[in-house]
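Q: Dropping the sequence and predicted coords here.
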Amino acid sequence: MTAGAVSLGLLGSCLSVAQAAAAPVRGSDTTAVHTTGDAVPLEQDSVLLPENLDESSQALDDELSLPLPEALEGEASELATPALGEDEPVTEEFSSPDPQTGSAAAQAACRTQLAAAQAADSDSPVACVQWGTSAPAADLRAAVDAWPVPKWCDDHGANGKWYVNRFKACGIFPADLTVTNPRTGAVVGRMHYLTRAYAYSARDVKTWGYQVELLEVNSSGVAKGSSAVGSGTCAGKCKVTKSTFPSQAMSKSKEPVGQFFLDTTIKTSPKGQKGDGQATAAWTFTNPAWAGPSTQMKLPTPAVRCDNALPGTSKPGCVMPHIPEMVYAKNGEYPELAEHIAYAQNTKKLPGKHGTKSYLSRLTDKKKIKENRGKACPASLKRPKGKQCDEYPFASTWQGAKTGGGKFSRRMIDGRQNEEGGKALGRFYLYNRIIEKDKFLVWIK
């Protein structure tokens, strides 16, 4: 790692054994068990800290990180939906996290700045910046050498797109700075650079972080020796608690770094609050040879959802717009459970299958969950010795036997597998902060 780079990670990317054991659990045929052994939180005013990812959590990140999900056809964006339990409406509009959506505005700002210089009959160079759509492999190798990025981030190349998992978002964005003599129209300097953007949240802390790093790939003319300076803002249910992006020189050996910490402004009580926030980093370039600073670059993060609505814990936490997947393996701990779900998804065409947009959504109402279970696996149904009734879709989803309109599958499976598989589902809900109506999928391997 070079002197200018700071690598920040996600706090608590995997459940410890103790945390997993303490999660609220529910087997398909058993009574819910709730415990109070929540993970130890950071103090409310503490700064979100990095962690050293172990092999298991890195493997999970590599496997499950995906491009930002698009809104389903015919489905309104969730960002525009009023948040449950908000005390006041959010009037700020969120920006698209795709920087290309602002390219027309950036070009207009450049034209305005050049026109003002021309009107003043100035010879002082005017600097303008714009995003690129991709970068050569050699540029990406330079970034990878400089930054210890998550594997799933640099694997996608410097293609100007965000990639997300449940608690992290990362992307490498190519950009160019062009310096023009306003009187002659001649280009007198250029700089090609990369931006590595990294946002990260935590399942049990109300603060999230955002970091940008700028790496010069090459420069020429009066673009050489430029510096970057910036700031951070937050739209929606959030506020900036720390913003650090001082003026720093651009070079191939030291990356200017901007770091921002954001706090959700949802109420910590009563339980059931949630709200979206979006951080934006903005920066300009300066150079003694120019008339003034360059036009401004802005890079919003994907929206971050924070809530205190998770059953099993009173602690607030924040997640990225990623649809998580529960994984069961046919050769794993619960083979009969996995085989039943595979049959339900593939033969009976029930929702929740990996690779589809036919999602399951969590149900937290205990009465409705009981009704789902009673319809799929009534007490009058005979259970062979050592077997329990397993239902799919899960009773704890809106697609369950009753709330889902009566389409379901049931099968008698090994009782231990049914109970332990249900507990694993409870840990999955807790680990990923899956709250009421949150979507998810079930991946049978």
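A: Arrived safely. Numbering: from 1, shown residues only.

Q: what's around S396, how many residues?
A: S396 is flanked by 25 other residues according to other C-beta atoms under 10 Å. Backbone N, C-alpha and C define where each C-beta goes, glycine included.

Q: That one is in contact with L425, isn't it?
A: Yes: with contact defined as C-beta atoms under 8 Å, S396 counts as touching L425 (7.3 Å).

Q: Next, the buried residues of stretch 246-263.
A: Neighbour-count burial for stretch 246-263, with 16 or more other C-beta atoms under 10 Å as criterion, is recorded at 248, 250-251, 254-263.

Q: need the contact list for the residue in the chain sticking out farthest from the centre.
A: When distances are taken from the C-alpha mean of the chain, D121 lies farthest, 47.6 Å away, according to C-alpha atoms, centre = their mean. Neighbour list for D121: R183 [criterion: C-beta atoms under 8 Å, 6 or more residues apart in numbering].

Q: Helix or strand: which one has it?
A: Element membership of D121, judged by DSSP states H and E, is empty: it is in no helix or strand.

Q: so I266 touches G236, yeah?
A: No: the pair I266 / G236 is not scored as a contact, 10.1 Å apart, by C-beta under 8 Å.

Q: Please identify every residue contacting each of the two.
A: Common neighbours of I266 and G236 (C-beta under 8 Å, 6+ apart) are G275.

Q: Check the residue farthest from the centre of the chain and give its pLDDT.
A: Note on D121: pLDDT of 75.

Q: ditto for the one 5 residues further on
A: According to the per-residue confidence, V126 scores 84 in pLDDT.

Q: how close does it sit to M191?
A: Separation of V126 from M191 (C-beta to C-beta, to the nearest Å) stands at 14 Å.

Q: Starting from I369, give me the distance back to the residue farthest from the centre of the chain.
A: 74 Å.

Q: Same question for F167.
A: Taking C-beta to C-beta, one finds F167 at 26 Å from I369.

Q: who's more crowded, the two?
A: F167 (27 against 20).

Q: Isn't that one up against A199?
A: No: using C-beta under 8 Å, F167 makes no contact with A199, being 9.5 Å away.

Q: got any residues that touch both of those two?
A: Shared contacts of F167 and A199, defined by C-beta under 8 Å, 6+ apart, comprise M320.

Q: buried residues in stretch 227-242?
A: Buried-residue list, stretch 227-242, by 16+ other C-beta under 10 Å: 227-230, 232-238, 240.

Q: quick check, E336 in a strand?
A: No: looking at E336 with DSSP: H, G, I helix; E, B strand; the rest coil, it is helix, so not inside a strand.

Q: Look up the closest residue to it, ignoring the ones flanking it.
A: Closest residue to E336 apart from its sequence neighbours, by C-beta to C-beta, 6 or more residues apart in numbering: I413 at 4.0 Å.

Q: tell me which element that neighbour falls in.
A: strand 409-414.

Q: what about A342, is that helix, strand or coil?
A: From three-state DSSP, the assignment for A342 is helix.

Q: So it sits against P335, correct?
A: No: using C-beta under 8 Å, A342 is not in contact with P335; the gap is 10.3 Å.

Q: what's stretch 395-411 in contact with?
A: 26, 28, 336, 340, 343-344, 348, 350-352, 360-364, 368-377, 389-394, 425, 429, 437.

Q: buried set for it?
A: For stretch 395-411, burial by neighbour count (16+ other C-beta under 10 Å) applies to 395-404, 408-411.

Q: now for the residues you listed, which pair is the farthest apart?
A: Spatial extent of the buried residues of stretch 395-411 (C-beta to C-beta) is set by the pair W398 and R411 at 21.3 Å.

Q: Can you pull the phi/psi pair for the residue most central in space within the chain?
A: Most central in the chain under C-alpha atoms, centre = their mean is M320, positioned 2.8 Å from the mean C-alpha point. With angles defined as degrees, to the nearest 10, M320 sits at phi -90, psi 170.

Q: Next up, the contacts around it.
A: 164-169, 199, 201, 302, 304-305.

Q: Rebuild these as JSON lines, extending it with distance to N218.
A: Formatted as JSON lines, the contacts of M320 follow (distance: C-beta to C-beta, whole Å):
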{"residue": "V164", "distance to N218": "30"}
{"residue": "N165", "distance to N218": "32"}
{"residue": "R166", "distance to N218": "37"}
{"residue": "F167", "distance to N218": "35"}
{"residue": "K168", "distance to N218": "30"}
{"residue": "A169", "distance to N218": "28"}
{"residue": "A199", "distance to N218": "28"}
{"residue": "S201", "distance to N218": "35"}
{"residue": "P302", "distance to N218": "30"}
{"residue": "V304", "distance to N218": "34"}
{"residue": "R305", "distance to N218": "39"}
